[in-house]
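S.K.: Just to be clear, the model below is a prediction. Sequence and coordinates:
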Amino acid sequence: MFRSLLGPKVLPLSLQPVSGEIYAHVFENPRTGVPRNLFWNMTVELEPVTIDGEEWACSFGAEWLTWPVRTWRELDGMDLGKVLLPDMVEPSLYLLAEHHPATLQDLRLGGRRGPLFEAAVTASAQIRTEKGQRTIPVSFVCRLQFAGVIVVKANLQPEPNTPALAEEAVVKFIQMDGLRQARSEDWRYVLEPDA
């Protein structure tokens, strides 16, 4: 076990963002009671973290976000308080080759310039060690690139087998305004931003 993880219960690591991405996907799972909806996922790559002389890849993610937007441009101004299904949100910190559960205290999107947003994140992640649980504070501001809307064929029933059917699934939740037509990529369709 790492010596520095055996110390204080709060680990003051410096987490610096490198790049970030946000995208939406249409998803449903009737077996688990998840009705079809549009969910937003964000991932922020952080600079590698050095612990006891060893460098580790690090990233922060928040999945299953739902916001009341009709176009992707309306993400500007969204925050954690506007999430429609807060119990579904799953934040995590990837560190030490594992995903660690996190608590998201604040998330704000703003400052849109084309497909770029500024994201402000405050969270804390819990890491289990030999000496018990340790908390890592997470706080940063970074740019997020909007990567588009994804429709994974196997995630919907019946499976959309044409780009038009993928677009039909998307427009039930978000307008095509600002999105290119669906492009097929084997197992999924991608609707990229046009700006």
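M.R.: Looks like it came in fine.
S.K.: so the residue nearest the centre of the chain is in which element?
M.R.: Note on the chain: the residue nearest the mean C-alpha position is Met42, at 2.1 Å, using C-alpha atoms, centre = their mean. Under the assignment given by DSSP states H and E, the secondary-structure element containing Met42 is strand 34-51.
S.K.: same thing with Pro137?
M.R.: If you go by DSSP H and E, Pro137 is part of strand 132-152.
S.K.: which strands and helices sit next to that strand?
M.R.: When contacts are defined as 3 or more C-beta pairs under 8 Å, 6 or more residues apart in numbering; DSSP states H and E, strand 132-152 packs onto strand 17-29, strand 34-51, strand 90-95, strand 98-113, strand 116-129, helix 163-171, strand 188-191. Glycine gets a C-beta too; all of them are placed from N, C-alpha and C.
S.K.: let's see 6 Å
M.R.: strand 17-29, strand 116-129, helix 163-171, strand 188-191 (3 or more C-beta pairs under 6 Å, 6 or more residues apart in numbering; DSSP states H and E).
S.K.: What are the buried residues along the longest one?
M.R.: It stands for strand 116-129. Within strand 116-129, the residues that qualify as buried by neighbour count (16 or more other C-beta atoms under 10 Å) are 117-119, 121-125, 127, 129.
S.K.: Identify the residue with the minimum pLDDT among those.
M.R.: Minimum pLDDT across the buried residues of strand 116-129 is recorded for Thr129, with 71.
S.K.: Give me the mean pLDDT for stretch 134-150.
M.R.: For stretch 134-150, mean pLDDT is 96.
S.K.: what does stretch 170-189 give?
M.R.: Throughout stretch 170-189, pLDDT has a mean value of 97.
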